[in-house]
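Trainee: coordinates only, sequence not included:
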């Protein structure tokens with residue numbers, strides 16, 4: 001009898017546990033060490049952009065004219081000209097730092113009570129945040145020495161410094177909160193310290209190895225600064241879940257009276273197979289982000305594929321080895337109040353609550369299917385009004401943060417100051433008379449003759465409206481027929497171009513992951529009905545998550561309950577990212593649950609009875625896995641940055657809905673309505689080898705993993 005791949009891996013690991021365990025540890029140490037020594041390479045502004053704004057940034061980069069980090073400091077007083085002394089002291093203090101250039105005289109506002117000081121940081125803008133501290137100290141010194149005036153600072157370097165410190169603090173907060181949370185949940189689920197530590201330890205080591213490999217990959221594919229946070233979010237949640245599925249099946253088989261070897265064999269052949277199928281599905285779904293046309297998503301794709309692959313392989317290799325080595329010691333460190341289940345009653349008890357909840361669903365499937373769809377559609381309704389934009393730093397940190405307050409005051413007093421458009425003009429001959437005449441129509445033009453490039457800034461007092469006017473009317477009117485090419489970049493232009501690229505890229509990404517989900521489900525279960533059902537259920541989960549995100553973060557409904565606020569829009573990259581991640585993660589539960597239903601059906605049970613048994617037997621594992629995922633994602637919902645909050649809440653809500661309404665109500669009711677039609681096999685697929693979903697029979701004592709039957 002042949003074994004499936006997961007079973008063969010489990011056999012090898014159980015027979016060579018020392019090699020498997022030491023090999024895993026060596027891999028983690030080498031990957032983390034080499035990757036840490038290489039460092040991470042972040043993407044440039046040009047690489048992170050799209051459209052005309054990215055082209056403008058690339059022209060400047062190719063010509064060696066990268067931006068300097070600009071800074072704005074506004075000094076305000078209660079009376080006209082009351083700012084002059086403080087402004088003079090500030091100008092002197094800034095000059096003494098030796099870090100600034102282009103320091104200009106204060107520009108007074110119309111009311112005479114405010115003045116704006118502009119300057120740039122010396123050196124490369126990419127490293128300006130590392131050198132801005134003396135400038136911040138100088139501004140703070142004047143602020144303390146002149147209590148009668150108000151000083152606000154906003155700029156590339158100061159915001160970058162703020163962002164870097166915040167990301168570092170947030171990542172530590174996420175790590176030191178998510179890990180104890182997951183450990184506590186597993187301790188409740190298993191009632192034993194060793195059993196709880198095992199999934200957490202494997203997930204953390206998988207993340208460590210993935211961090212190292214991602215750092216190496218970043219030298220070829222430059223990354224966005226939040227990519228590590230995304231990797232940890234995905235890797236830790238998925239790593240714990242995969243181990244939980246495997247470990248829970250092994251313990252359930254032990255509780256049913258199986259010996260240790262047989263229990264491990266069954267777990268390897270069933271849950272191990274589900275882990276491989278769901279892991280491969282997640283990775284292929286993540287590959288869909290390569291079709292977005294944006295480097296940001298390519299980095300996210302590489303990060304998630306790496307960490308999911310490592311977590312998957314750890315679950316089917318080193319975990320069986322550890323279980324074989326630990327044996328009954330897996331229950332060491334029992335917690336008396338939590339470990340109340342008897343070994344032989346564990347399986348029965350684990351499905352008792354699920355059975356009670358499932359009984360009315362299977363008795364009235366039409367009602368519960370309709371009711372659950374209505375609930376999900378109501379939650380999804382706000383998504384119809386979704387607005388997306390690249391949230392600026394002033395929105396990322398909250399309206400009352402020091403950075404947001406400074407931005408708001410400066411932009412209100414000096415419209416267009418914090419976020420002007422930057423126009424980059426390139427020509428075969430920048431000194432050609434027609435080009436020079438066109439440039440003369442704009443203020444403060446800097447011409448780089450030897451590079452045939454010119455640049456200038458244009459205030460955008462009305463934001464996107466002025467940008468549209470500039471791109472569609474002013475620049476064409478000035479440069480058409482001159483042979484010069486004008487491109488607009490800057491914060492507003494970059495946001496508009498990035499969002500436009502996302503809108504055009506979401507359709508091919510969706511079609512790709514839908515096709516992948518369909519094909520994987522079709523091959524795994526040989527049923528086009530199950531494949532189509534999986535896609536439709538995933539779409540409902542995603543739509544409901546979108547609706548909740550829009551309600552909370554765009555409209556601000558209940559945002560204060562989680563320490564956030566409505567900002568009028570969803571981060572532009574969030575809808576596509578959430579779509580891909582949820583389609584991938586939903587496969588964890590779907591494959592695990594439907595495999596168990598198919599397993600029961602393969603033993604001869606009718607579809608309703610198979611649904612009942614499959615749901616009951618997976619309820620404990622799915623609930624535990626969902627609680628851990630929701631907890632980990634919810635931690636990210638409490639972080640400081642708006643995009644991390646949106647991602648955490650969106651994913652937490654989606655997983656919660658997926659594990660409750662979708663898997664416990666909608667899936668069983670729909671499958672009950674479909675009956676035997678669930679298992680229809682297309683004619684063209686009948687000749688292909690089938691993935692066996694039956695529970696393998698106990699093998700001989702000499703074979704600890706036994707044979708796995710193939711249909």
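Mentor: That came through, no problem. This is a predicted model, so every value here is computed, not measured.

Trainee: Share the number of residues neighbouring residue 531, please.
Mentor: By the measure other C-beta atoms under 10 Å, the count of residues near residue 531 is 19. For glycine as for every other residue, the C-beta is placed from the backbone atoms N, C-alpha and C.

Trainee: Then residue 422?
Mentor: Number of residues near residue 422 (other C-beta under 10 Å) recorded here: 21.

Trainee: Please give the element, helix or strand, for it.
Mentor: strand 421-426 (DSSP states H and E).

Trainee: Tell me which residues are up against that strand.
Mentor: 56, 59-60, 67, 435, 439, 442, 452-460, 466-467, 470, 475, 479, 484-490, 492-493 (C-beta atoms under 8 Å, 6 or more residues apart in numbering).

Trainee: from the residues you listed, which would you call buried?
Mentor: Buried by 16 or more other C-beta atoms under 10 Å: 56, 59-60, 67, 435, 439, 442, 452-458, 460, 466-467, 470, 475, 479, 484-490, 492-493, out of these.

Trainee: strands paired with the strand holding residue 422, and their directions?
Mentor: In the sheet, strand 421-426 lines up against strand 453-458 (antiparallel), strand 485-489 (antiparallel) (DSSP bridges).

Trainee: quick check: mean pLDDT across that strand?
Mentor: Per-residue pLDDT over strand 421-426 has a mean of 90.

Trainee: and what of stretch 486-501?
Mentor: Mean pLDDT, computed over stretch 486-501, is 86.

Trainee: now swap in stretch 644-651 and tell me
Mentor: For stretch 644-651, the per-residue pLDDT averages 88.

Trainee: Tell me how far that stretch lies from the chain's centre.
Mentor: 8 Å (C-alpha atoms, centre = their mean, to the nearest Å).

Trainee: name the element residue 564 belongs to?
Mentor: Using DSSP H and E, residue 564 sits within no helix or strand.

Trainee: what residues are up against it?
Mentor: Applying C-beta under 8 Å, 6+ apart to residue 564 gives the contacts 398, 552-553, 637, 642, 645.

Trainee: buried residues in the helix or strand that contains residue 60?
Mentor: Using DSSP H and E, residue 60 sits within helix 51-62. Going by neighbour count (16+ other C-beta under 10 Å), the buried part of helix 51-62 is 51-60.

Trainee: So what does the spatially closest residue to residue 136 that is not a sequence neighbour look like in phi/psi?
Mentor: The shortest distance from residue 136 to any non-neighbouring residue, by C-beta to C-beta, 6 or more residues apart in numbering, is to residue 158 (6.3 Å). Main-chain torsions, residue 158, degrees, to the nearest 10: phi -60, psi -40.

Trainee: try residue 116
Mentor: Phi and psi for residue 116, reported as degrees, to the nearest 10, are phi -110, psi 130.

Trainee: Provide the count of other residues in contact range of it.
Mentor: When neighbours are counted by other C-beta under 10 Å, residue 116 comes out with 21.

Trainee: pretty sure it contacts residue 415?
Mentor: No - at 11.4 Å, residue 116 does not count as touching residue 415 under the criterion of C-beta atoms under 8 Å.

Trainee: Hmm, residue 406 is touching residue 152, no?
Mentor: Yes - at 3.8 Å, residue 406 counts as touching residue 152 under the criterion of C-beta under 8 Å.

Trainee: Show me the helices in the stretch 201-350 of the chain, by range?
Mentor: 227-255, 260-269, 271-287, 295-316, 318-326, 346-350 (DSSP state H, counting those that start in this stretch).

Trainee: Pipe the ones you listed into CSV and attach mean pLDDT per row.
Mentor: Output for the helices of the stretch 201-350 of the chain, formatted as CSV (pLDDT from 0 to 100):
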stretch, mean pLDDT
helix 227-255, 83
helix 260-269, 82
helix 271-287, 84
helix 295-316, 91
helix 318-326, 88
helix 346-350, 45
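
Trainee: quick one: contacts of stretch 464-483?
Mentor: Outside stretch 464-483, the residues touching it (C-beta under 8 Å, 6+ apart) are 52, 416, 421, 423, 425, 427-429, 432, 434-435, 437-438, 441-442, 458-460, 485-486, 488, 492-493, 496.

Trainee: again, 10 Å this time
Mentor: Residues from elsewhere that reach stretch 464-483 (C-beta atoms under 10 Å, 6 or more residues apart in numbering): 52, 389, 415-416, 420-421, 423, 425, 427-429, 432-442, 458-460, 462, 484-488, 490, 492-493, 495-496.

Trainee: Need the outlier residue of the protein, farthest from its centre.
Mentor: The centre of the chain is farthest from one residue, residue 433, which by C-alpha atoms, centre = their mean lies 50.8 Å away.

Trainee: For residue 481, see how far away it is.
Mentor: Computed as C-beta to C-beta, to the nearest Å, the residue 433 to residue 481 distance reads 12 Å.

Trainee: next one: residue 641
Mentor: From residue 641 across to residue 481, the span is 46 Å (C-beta to C-beta).

Trainee: What of residue 615?
Mentor: The gap separating residue 615 from residue 481 is 70 Å, by C-beta to C-beta.

Trainee: ditto for residue 662
Mentor: 59 Å.

Trainee: Looking at the two, which is more packed in?
Mentor: Neighbour count, other C-beta under 10 Å: between residue 662 and residue 481, residue 662 has more, with 24 against 9.

Trainee: Surely that one touches residue 545?
Mentor: No - contact criterion C-beta atoms under 10 Å: residue 662 and residue 545 do not qualify, at 11.4 Å.

Trainee: which residues are common contacts for residue 406 and residue 152?
Mentor: By C-beta under 10 Å, 6+ apart, the residues touching both residue 406 and residue 152 are 72-74.

Trainee: In a markdown table, list the residues you listed along with pLDDT and secondary structure.
Mentor: Listed next are these as a markdown table, based on pLDDT from 0 to 100; DSSP: H, G, I helix; E, B strand; the rest coil:
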| residue | pLDDT | secondary structure |
| --- | --- | --- |
| 72 | 88 | strand |
| 73 | 90 | strand |
| 74 | 91 | strand |
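
Trainee: nearest to residue 242, of those?
Mentor: Each of the shared contacts of residue 406 and residue 152 was checked against residue 242 using C-beta to C-beta; the closest is residue 72, at 48.9 Å.

Trainee: Report how many residues lie close to the residue nearest to residue 164 when sequence neighbours are not counted.
Mentor: Take residue 164 and drop its neighbours on the chain: the residue closest to it by C-beta to C-beta, 6+ apart is residue 129, 5.7 Å away. Neighbours of residue 129 under the rule other C-beta under 10 Å: 21.

Trainee: repeat for residue 620
Mentor: Using other C-beta under 10 Å, residue 620 is surrounded by 21 other residues.

Trainee: and the helix or strand harbouring it, average pLDDT?
Mentor: Residue 620 is part of helix 607-637, with elements assigned from DSSP H and E. Here helix 607-637 scores 85 as its mean pLDDT.

Trainee: Could you list the single helix or strand in the protein with the lowest mean pLDDT?
Mentor: Sorting the helices and strands of the chain by mean pLDDT, DSSP states H and E puts helix 346-350 at the bottom, at a mean of 45.
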